[in-house]
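[1] Predicted model and sequence below, questions to follow.
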Amino acid sequence: MKAPVLATLAALALTLSCTSGTDCRIERTLRKMTLEEKVGQMMQITVGVITTADGTALTAMADTVLGIYKVGSILNVPGGEAATPEAYRSLIRAIQDKSLEATGIPCIFGLDQIHGASYTVGGTLFPQEIALAATFNDDYAFRMGEITAYETRACNVPWVFSPVMDLGRNPLWPRMWESYGEDVLVNSRMARAEVLGQQGPDPDRIDAFHVGSSLKHYMAYGVPVSGQDRTPSMVTPRELKEKYFQPFKACVEAGAISIMVNSSINDGIPFHANRELLTEWVKEDLGWDGFFVTDWSDIRNLYERDHIAESNKDALCLAINAGIDMIMEPNRVQVCDELVALVREGRVKMSRVNDAVRRILRAKYRLGLFDDPYGEKASYHDFGCDAFVSVAREAAVESAVLLKNDNSLLPLKTTDRILLTGPNAGSMRTLNGGWSYTWQGDKTDEERFTGPYNTIYEALETKFDKVEYLPVLEYYGGRKWEKEIMGDISRAVRAAGESDVVVVCVGENSYCETPGNISDLNLSDRQKELVWALSAAGKPILLILNEGRPRLINDIEPLCTAIVDIMLPGNYGGDAIAALLCGEENFSGKLPFTYPRYSGKLATYDYKLCENRGTMTGEYNYDAVMNVQWPFGYGLSYTGFEYSDMRADRSEFRKGDVITVSVDVTNVGSVAGKESVLLYSSDLCASVTPEVRRLRDYSKIELRPGETRTVTFSLKAEDLAFAGHDLKWHLEKGTFRLSTGDCSLMLNCTESAVF
Ligand code: BGC
């Protein structure tokens, strides 16, 4: 029988055998499609190619892209900056008109809504993920997902490129703040919560108030060897499996409908060409029926940048055969011709194309796009409402980390005379960071975006009677985010002398992706100079760090009586810090990353024992000492917590057991407070060198003064296993230490297991 006849029969068999409604609809749609239409569905173009410069209307190119090439997906913010829901709706209506006319298949529009509806005017902007992680409260990730979804659907946009779950394990990485920090569990749990919030309870029927998620960037993007964006990682398959893969697995199991791939390279193989990681690990091993989308131009990068293909067409062949389903080649629609040719030449099988298109159509059905392409069946009266705002504000309060508070400088008295200074004191841009209204977040302080939000200065003025604001050092503005201009420092020193406390707000200006690369993790010289100069006034200094990654401050730290890291707290970060500083609210954030002290000593909390063992006796004194500024999980409060009576329901365990571990936590101070209780494990001896400790669970509680609560964790024995070189999980016989706060206990694993 001839090949086309066979293919038709196969498709017919699928149609007849399909069981669920969606599968049947997919097969019926697929059967009617030409090769060109299928390839069009696999293509994604940036909105700027088909719109006028201001992004308000389609141009004739829309006829080529949507009409002739029948491209099935469009991405990006129209006109380069946040638009109103109405503007999105009208543009997407025009896009859908053309798509439906060309193929009868609705277009899927994707947007980087990163810490809230950040590309939508009036959207509720939350703390960035790094700050949300500091709350150790998964509810905020869930609520951010839910509110972002609602406000994104209000724009008739059904799909977001979020959450990021690359473990941020190299602090130089300019996207550190887009991640939930360095730990596997925190990334897995928070990202999963965010996905559930975004997609709603049923990933097969995502309603008009939820959106599809795109997990990103698969995987190990956050550990580039050089620390620079989109540069290679060198992670072994064993470590990929044990750490970097886990958040993606958790989110796939929670129903995430798509995954964006890491732009970079691991051990010489670009992720976009890695069939094992894309097709085997995710599609086959997890039985995932969602779709992979590339990152920006990353198939072209296989040829032009990475030199693993001799032409764009060869690169395309590699990537599609590796398992890529949708091609984000934002400006080059001709990729469609190349893919059609590859199929005709037999280099890409029709079955691979059909598989990709099925996955994409499934997403469109799941999102209800066929039933309501214009998003007319729901209304969105709660867009930007007070209830949404209070969640974002509470998240900002819980995300601030109190790192130092000598002599109980904080809380400040509302009558204290405050000198407020530093480049981050009067800026909404620095509070929000990148992916805020624009890609680089560089227009946040322009009037059309400032809205009713308070900078740190404006917020302090609402709580304190005497705030003198002299920025002295200012950011230059625009895209030159690192450039600073120094003003009259001596005037500030004089004013400091007249104050009770000097509040210096330092850190970073906003940046995003590669433009955020740095070659020195130190805080800028000028910012340090400001702190040095102010210290001469002899008044207590409160340092507020407003930054996307931990910039080194070891030389100015001793000059500061108190230090708070607010990271990137979003539009309500100013209000949050003001409420915290006056004691209306209490600190409860903890660091979701290790704050380094020296640039030559970058570490994560789950290091190997030999990295910190003091000095060995003998002829050679091998020594290695961990010397960090503040460890992972560190954070103070206005009250104190005592941990006692840690206990487990068993002293021995093996695979299949669930260990119940409890600890009593008492608020021993005089004010109410929240405490994140973190449970760690240490495997005392294993055939793969164990880490000093691993976070296994966490729970946040609130306690009144004097109150005691029992926190109970249910720990699966399997959670204590490690990945072996055979890429299987190994639970080995021997002793494990569990610890929380300053309590610990020993347990014995009685039977080894491999699974
Ligand atoms: C980024 C992604 C983003 C994509 C689309 C890329 O440059 O790496 O995170 O989703 O652009 O805007």
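    Nice, I can see it.

[2] count of residues packed around the residue in the stretch 251-400 of the chain positioned nearest to the ligand?
    Per C-beta to the nearest ligand atom, residue 296 is where the stretch 251-400 of the chain lies closest to the ligand, at 3.9 Å. (C-beta placed from N, C-alpha, C; glycine too.) Using other C-beta atoms under 10 Å, residue 296 has 18 other residues around it.

[3] any idea how far residue 81 is from residue 448?
    Residue 448 sits 9 Å away from residue 81, taking C-beta to C-beta, to the nearest Å as the criterion.

[4] Who has more neighbours out of the two?
    Shown here are residue 448 and residue 81; by other C-beta under 10 Å, residue 81 has more neighbours (18 against 10).

[5] Got the phi and psi for the closest residue to that one other than its chain neighbours?
    Distances taken as C-beta to C-beta, 6 or more residues apart in numbering put residue 438 closest to residue 81, at 4.9 Å, once the chain neighbours are dropped. The phi/psi pair for residue 438 (degrees, to the nearest 10) reads phi -130, psi 170.

[6] Next: the one 4 residues further on.
    With angles defined as degrees, to the nearest 10, residue 442 shows backbone torsions of phi -90, psi 0.

[7] quick one, what contacts residue 675?
    588, 637, 641, 665, 667, 700, 701, 702, 703 (C-beta atoms under 8 Å, 6 or more residues apart in numbering).

[8] Pull out the buried members of those.
    Neighbour-count burial (16 or more other C-beta atoms under 10 Å) is assigned, among the contacts of residue 675, to 588, 637, 641, 665, 667, 700, 701, 703.

[9] next one: the strand or helix carrying residue 531 to chain centre, how far?
    Residue 531 belongs to helix 525-535 when assigned by DSSP states H and E. Computed by C-alpha atoms, centre = their mean, to the nearest Å, the chain-centroid distance of helix 525-535 equals 32 Å.

[10] Stretch 471-488 too?
    27 Å.

[11] residues of it that come out buried?
    Result for stretch 471-488 [16+ other C-beta under 10 Å]: buried residues 471, 472, 473, 474, 475, 481, 484.

[12] now do stretch 85-105
    The neighbour-count check on stretch 85-105 (16+ other C-beta under 10 Å) flags 85, 87-89, 91-92, 94-100, 102-103, 105 as buried.

[13] returning to that earlier point: so what's the residue of the stretch 251-400 of the chain closest to the ligand closest to, chain neighbours aside?
    The nearest residue in space to residue 296 (C-beta to C-beta, 6+ apart) is residue 328, at 5.8 Å.

[14] Determine the number of other residues adjacent to the one you found.
    23.

[15] do residue 239 as well
    Residue 239: 15 neighbours (other C-beta under 10 Å).

[16] for the stretch 501-650 of the chain, what spans make up the helices?
    With DSSP state H, counting those that start in this stretch as the criterion, the stretch 501-650 of the chain has helices at 525-535, 573-581.

[17] The residue nearest to residue 81: what's it in contact with?
    Going by C-beta under 8 Å, 6+ apart, the list of residues near residue 438 reads 77, 80, 81, 82, 444.

[18] Cross those against strands and list the overlap.
    Applying DSSP state E to the contacts of residue 438, no entry is found in strands.

[19] From residue 537, how far off is residue 504?
    Applying C-beta to C-beta to residue 504 and residue 537 gives a distance of 11 Å.

[20] which of these two has more neighbours?
    Each of residue 504 and residue 537 has its neighbours counted (other C-beta under 10 Å); residue 504 has more, 29 against 18.

[21] quick one: buried residues of stretch 245-257?
    For stretch 245-257, by 16+ other C-beta under 10 Å, it's 245, 246, 247, 248, 249, 250, 251, 252, 254, 255, 256, 257.

[22] and what of stretch 746-755?
    Neighbour-count burial for stretch 746-755 [16+ other C-beta under 10 Å]: 747, 749, 753.

[23] ok so, going back, okay, the helices of the stretch 501-650 of the chain, which one's buried deepest?
    helix 573-581 (a mean of 27; mean count of other C-beta atoms under 10 Å).

[24] Just name the shakiest helix or strand of this structure by mean pLDDT.
    Taking mean pLDDT, DSSP states H and E as the measure, helix 3-17 is the helix or strand of the chain with the lowest mean score, a mean of 55.

[25] Which SSE is immediately downstream of that one?
    helix 21-32.

[26] So which other helices or strands are in contact with that next one?
    Secondary-structure packing of helix 21-32 (3 or more C-beta pairs under 8 Å, 6 or more residues apart in numbering; DSSP states H and E): helix 3-17, helix 350-366.

[27] how about a cut-off of 10 Å?
    helix 3-17, helix 35-41, helix 350-366 (3 or more C-beta pairs under 10 Å, 6 or more residues apart in numbering; DSSP states H and E).

[28] what comes up buried for stretch 707-720?
    In stretch 707-720, counting by 16+ other C-beta under 10 Å, buried: 709, 711, 713, 715, 717, 719, 720.

[29] same question for stretch 258-276, mean pLDDT?
    For stretch 258-276, mean pLDDT is 98.

[30] what does stretch 645-660 give?
    So the average pLDDT for stretch 645-660 ends up being 98.

[31] May I have the distance across that stretch, first residue to last?
    One end of stretch 645-660 to the other measures 14 Å (C-alpha to C-alpha, to the nearest Å).

[32] so what sits against both of residue 448 and residue 81?
    Contact with both residue 448 and residue 81 is made by residues 121, 437, according to C-beta atoms under 10 Å, 6 or more residues apart in numbering.

[33] Any chance of the backbone angles for the residue nearest to residue 341 when sequence neighbours are not counted?
    Spatial nearest neighbour of residue 341, excluding adjacent residues (C-beta to C-beta, 6+ apart): residue 313 at 7.1 Å. For residue 313, the backbone dihedrals (degrees, to the nearest 10) come out as phi -70, psi -40.

[34] For residue 340, see how far away residue 313 is.
    For residue 313, the distance to residue 340 - C-beta to C-beta - is 11 Å.
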